[in-house]
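Visitor: Need coordinates for the below:
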Amino acid sequence: MAFPQRLRPPPRETPALHTRAMDNLSFIRHTMERATAFTAVPGWGGVTMGVIALAAAALAWGQSPSRWLITWLGAAVLALGVGGWAMARKARLAGTTVFSYSGRRFVLSYVPPIAVGALLTAALVRGGAFATLPGTWLLLYGTGVVTGGAFSVRVVPLMGLCFMALGAVALFGPVAWGDPLMAAGFGGLHILFGLIIARRYGG
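Guide: Down below sits the predicted model:
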């Protein structure tokens with residue numbers, strides 16, 4: 001007499017070994033990315049931005065307020081374009097992108113103070129307060145570098161603090177100090193810290 005046999009339930013399908021390995025690698029990669037500082041801040045790009053600023057300071061000296069403004073705004077657009085291109089290139093050479101997790105944190109912290117600076121520039125120019133622009137620009141640019149630099153290498157927020165110090169002096173010092181302080185900040189600080197970054201962290 002044959003006894004009925006209990007059927008065993010079919011074994012649950014387990015994910016393939018390579019699938020689990022890929023999931024683990026993806027988790028490790030995302031974890032490391034979140035813990036990694038954004039190192040694609042350009043060194044030689046910063047030096048180039050400094051040279052552009054020194055050229056703008058020389059061209060703007062003694063000009064009418066409108067031409068002075070056009071010169072500095074044109075230099076700012078050119079310098080930011082150079083800086084953005086150099087940052088993207090450095091990130092690409094390092095095998096990453098500006099839109100990585102650390103890169104996004106840097107950009108999203110850096111951009112708001114720059115956007116505020118653009119809005120305040122329009123408001124101050126409309127009110128004829130040209131004398132306050134150097135201090136405003138240096139302070140807000142420095143703020144952007146400090147906040148973005150919180151997700152980058154240590155020297156970057158230090159550079160931002162130096163910009164903010166010059167901005168405070170420009171804002172409350174004599175009007176005649178505006179152009180020299182902007183040359184010292186946008187020109188000298190970019191060149192100095194650009195060389196430091198290029199030497200320690202690559203171009």
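Visitor: distance between the longest helix along the chain and the chain's centre?
Guide: Selection of the longest helix in the chain by residue count, based on DSSP state H, yields helix 65-93. A distance of 12 Å separates the centroid of the chain from that of helix 65-93, by Cα atoms, centre = their mean, to the nearest Å.
Visitor: cool, and stretch 173-185?
Guide: Relative to the centre of its chain, stretch 173-185 is centred 23 Å away, using Cα atoms, centre = their mean.
Visitor: got a list of contacts for that stretch?
Guide: Residues from elsewhere that reach stretch 173-185, judged by Cβ atoms under 8 Å, 6 or more residues apart in numbering: 53-54, 57, 60-61, 72, 131, 133-135, 137-138, 141-142, 162-163, 166-167, 169-170. Just so you know, the C-beta spots here come from the backbone N, C-alpha and C atoms, and that holds for glycine as well.
Visitor: Report the separation between the two terminal residues of that stretch.
Guide: Taking Cα to Cα, to the nearest Å, the span from the opening residue of stretch 173-185 to its closing residue is 15 Å.
Visitor: out of the contacts of stretch 173-185, which are inside helices?
Guide: Members of these lying in helices (criterion: DSSP H): 53-54, 57, 60, 72, 133-135, 137-138, 141-142, 162-163, 166-167, 169-170.
Visitor: and these, which are buried?
Guide: By neighbour count, with 16 or more other Cβ atoms under 10 Å, those hold 53-54, 57, 60, 72, 133-135, 137-138, 141-142, 162-163, 166-167, 169-170 as buried.
Visitor: Name the residues of the helix or strand residue 108 falls within that are buried.
Guide: Secondary structure assignment for residue 108, by DSSP states H and E: helix 101-126. Going by neighbour count (16+ other Cβ under 10 Å), the buried part of helix 101-126 is 101-103, 105-107, 109-110, 113-114, 117, 120-121.
Visitor: which one of these sits closest to residue 80?
Guide: residue 114 (8.0 Å; Cβ to Cβ).
Visitor: In this structure the closest one contacts residue 144, no?
Guide: Yes - checked against Cβ atoms under 8 Å, the pair residue 114 and residue 144 is within contact range at 5.1 Å.
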